[in-house]
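**Q** Build me a model from this:
(chains A and B)
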Amino acid sequence: GENVEQHPSTLSVQEGDSAVIKCTYSDSASNYFPWYKQELGKGPQLIIDIRSNVGEKKDQRIAVTLNKTAKHFSLHITETQPEDSAVYFCAARPDNYGQNFVFGPGTRLSVLP
Amino acid sequence: ETGVTQSPTHLIKTRGQQVTLRCSSQSGHNTVSWYQQALGQGPQFIFQYYREEENGRGNFPPRFSGLQFPNYSSELNVNALELDDSALYLCASSIPGGYTGDTQYFGPGTRLTVL
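**A** Numbers count the residues shown, from 1 in each chain, chains lettered A, B, ... in the order given. This is a model prediction of the structure:
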């Protein structure tokens, strides 16, 4: 089955710097890759997603890149702000019946003012 | 904030008891997925319901069961609770198919503590 790894597990950056979180997946049939942000005491919130037929997608300060050959995808946050501090999860959806996602273990991002 | 709601917010049970968690999906969404999130880990897929039928199941034992109702709301039932069942239980709703069919929107979760 699908396995998703995520690095780093913790990341601290200064306000205004960029943050990059990387994920790898094992199932070459996976075709959809969302990123979620989870704040303390809340459920995961979708921040950006990418499909296997696209190499890059950007939404304001957030971008995601996908390398299908290497089976890895990355989240890029530019001009970080203290409110970006949270746990970020990547996920992959195996191309099977049913829409379950396989999540990475998460990255705790701290943006220092 | 998504339109997905869950109840209760918190729950404390003892080993061996049974629990029912509830989820109301976002308006227009006919698919509900349930996930278990242990402390410090990513969510793990339990099962999914589509039009009142189970539509995929993760690696969880049969004492985890569910229902989906005609209004697309859903319940997660766990029998014979074990200490390791302590976790945040998340439900996510979606509409299968089409360009946006993959997107799952999560509720705030139910924190279950088993003593």
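
**Q** can I get the CA coordinates of stretch B:62-77 in PDB?
**A** The C-alpha coordinates for stretch B:62-77 follow below in PDB (Å, rounded to 0.1, in the frame of the first residue of the first chain):
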ATOM      1  CA  PRO B  62     -14.500  -4.800  13.000                       C
ATOM      2  CA  ARG B  63     -15.200  -3.200  16.400                       C
ATOM      3  CA  PHE B  64     -15.000   0.000  14.400                       C
ATOM      4  CA  SER B  65     -18.200   0.400  12.500                       C
ATOM      5  CA  GLY B  66     -20.200   3.100  11.000                       C
ATOM      6  CA  LEU B  67     -23.500   4.300   9.500                       C
ATOM      7  CA  GLN B  68     -24.500   7.000   7.000                       C
ATOM      8  CA  PHE B  69     -28.000   8.300   7.000                       C
ATOM      9  CA  PRO B  70     -30.200   9.600   4.100                       C
ATOM     10  CA  ASN B  71     -29.200  13.200   4.900                       C
ATOM     11  CA  TYR B  72     -25.500  12.100   4.500                       C
ATOM     12  CA  SER B  73     -24.700  12.600   8.200                       C
ATOM     13  CA  SER B  74     -22.700   9.700   9.700                       C
ATOM     14  CA  GLU B  75     -21.900   7.900  12.900                       C
ATOM     15  CA  LEU B  76     -18.700   6.100  14.000                       C
ATOM     16  CA  ASN B  77     -19.200   3.400  16.500                       C
END
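
**Q** Check which residues of the helix or strand of chain B with the lowest mean pLDDT are buried.
**A** Using mean pLDDT, DSSP states H and E, strand B:53-57 stands out as the lowest-scoring helix or strand of chain B, at a mean of 88. Neighbour counts over strand B:53-57 (16 or more other C-beta atoms under 10 Å in any protein chain shown) mark B:55-57 as buried. From N, CA and C alone the C-beta is placed, and that goes for glycine too.

**Q** Where does the prediction get shaky in chain A?
**A** For chain A, residues meeting the criterion pLDDT under 70 lie at A:95-99.

**Q** which parts of it sit against chain B?
**A** For chain A, the residues in contact with chain B (C-beta under 8 Å from any C-beta of the partner chain) are A:4, A:6, A:32, A:34, A:36, A:41-46, A:49, A:51, A:89, A:91, A:93, A:96-106.
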